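Enquirer: 3D, please:
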Amino acid sequence: MNKTLVIFNPAARSDRAGKLRNKIEALSGHPVVRLTTTSGDARRLAAEAAKDGFDTIVAAGGDGTVNEVINGMAGSSATLGILPVGTMNVFASEIGIPQGNLERAWEVIQGGHTRALDLPQANGHYFIQLAGVGLDAAVVQQTTTESKKTLGPLSYLLTLAQVAAVKPPSLVIEGDGIPTREGRFVLIGNGRLYGGPFPLFKKAELNDGLLDIVVFKNQSHWDVVRYFQAIAFGNHLALPDVEYFQAPSVLVQSSDEVPFELDGELAGMLPCVFRISPNKLPVLAPRD
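Expert: Below is the predicted model of the structure:
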């Protein structure tokens, strides 16, 4: 009999979170639900679930929750399920799981259709959708919890303006069989999407054994506005100071102290080796 555990990140201790937990527990089959209370809980709970023999471990939250769960269950035979109940779950959109509809997302899990997806990692830490080096990682690093509580998403924009005002680091990107490249910030993905609906990585496939890397050569206020406007309109790869390529692994380094983030969470400092493990992660997904 399939044993399913749902790891639920309620994000905030509120009446809405309590009602959502009740809805999850009332789903068909009445899955076991365990709540996170602090950063790292989802990883710990996933590791315990894998050790306890759960066949399916469901991440109920955003991309950060999924990130913790895959790091906890890594190396086990468990299958990943997704309930996108967080503020942002780009990976769910990537594989076609409906957002904002708990019942339909649960139907995907019950359907039992599994896809074997590539699993990228950075210095040994797995990530599910996106890694960023430089600009966006610095924004994550410098945006305070208090600011996020007070200003919400606006807090990131204010930090972005501050980060872009500082002289950017110089990054060197190299790998076997590829030309060495230089840039100011880098985004690395497995899927196509960035920040929600934007197809940043045009050639990406979730099981092609390749990382997708976009290198941005500049980082003034104007450059940042120009880049993100181009991304929104889907023509960023036409810009002369943007490079896009694919590789199974890359080394990113700098003479400066530069952070990197994984799935929206600060993960470490350069140098960093990014690599991908083909067909490593079994995920419950829609058949089409």
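
Enquirer: Which residue, neighbours along the chain excluded, lies closest to R275?
Expert: Leaving out its chain neighbours, the residue that sits closest to R275 by Cβ to Cβ, 6 or more residues apart in numbering is S249, at 3.8 Å. (C-beta placed from N, C-alpha, C; glycine too.)

Enquirer: Am I right that the one you found is in contact with S277?
Expert: No - at 10.3 Å, S249 does not count as touching S277 under the criterion of Cβ atoms under 8 Å.

Enquirer: which residues in the stretch 51-200 of the chain form strands?
Expert: Assigned by DSSP state E, counting those that start in this stretch, the strands in the stretch 51-200 of the chain fall at 56-60, 79-83, 114-122, 125-126, 130-133, 171-175, 178-183, 185-189, 193-194, 198-199.

Enquirer: still on that earlier bit, would you mind measuring from the residue nearest to R275 to G18?
Expert: Distance of S249 to G18, computed by Cβ to Cβ, to the nearest Å: 44 Å.

Enquirer: Which one's more surrounded, the two?
Expert: Shown here are S249 and G18; by other Cβ atoms under 10 Å, S249 has more neighbours (15 against 11).

Enquirer: which residues touch the more buried one?
Expert: Taking Cβ atoms under 8 Å, 6 or more residues apart in numbering as the criterion, S249 is in contact with G175, D176, L211, V273, F274, R275, I276.

Enquirer: What are the buried residues along stretch 96-115?
Expert: Across stretch 96-115, burial judged by 16 or more other Cβ atoms under 10 Å covers I97, L102, A105, W106, V108, I109, R115.

Enquirer: For the last one, which residues are in contact?
Expert: With Cβ under 8 Å, 6+ apart as the criterion, the residues that contact R115 are I95, L206, N207, P282, V283, A285.

Enquirer: Sort out which of those residues are buried, if you could.
Expert: I95, L206, P282, V283, A285.

Enquirer: So which of the residues you listed sit within helices?
Expert: When DSSP state H defines the helices, the subset of these inside them is I95.

Enquirer: got JSON lines for the buried ones among the contacts of R115, with pLDDT and distance to N123 too?
Expert: Output for the buried ones among the contacts of R115, formatted as JSON lines (pLDDT from 0 to 100; distance: Cβ to Cβ, whole Å):
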{"residue": "I95", "pLDDT": "95", "distance to N123": "25"}
{"residue": "L206", "pLDDT": "95", "distance to N123": "22"}
{"residue": "P282", "pLDDT": "96", "distance to N123": "24"}
{"residue": "V283", "pLDDT": "97", "distance to N123": "23"}
{"residue": "A285", "pLDDT": "96", "distance to N123": "28"}
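
Enquirer: Go through the buried ones among the contacts of R115 and name the one nearest V133.
Expert: L206 (21.3 Å; Cβ to Cβ).

Enquirer: In the protein, which strand is the longest?
Expert: Using DSSP state E, we find that the single longest strand of the chain is strand 272-284.

Enquirer: Check the buried residues of stretch 96-115 and tell me the two furthest apart.
Expert: L102 and R115 (21.0 Å).

Enquirer: Distance across stretch 126-143, terminal residue to terminal residue?
Expert: The stretch stretch 126-143 measures 23 Å between its terminal residues, going by Cα to Cα, to the nearest Å.

Enquirer: residues of that stretch that come out buried?
Expert: Across stretch 126-143, burial judged by 16+ other Cβ under 10 Å covers 126-140, 142-143.

Enquirer: Stretch 156-168 now?
Expert: The neighbour-count check on stretch 156-168 (16+ other Cβ under 10 Å) flags Y156, T159, L160, V163, A164, P168 as buried.
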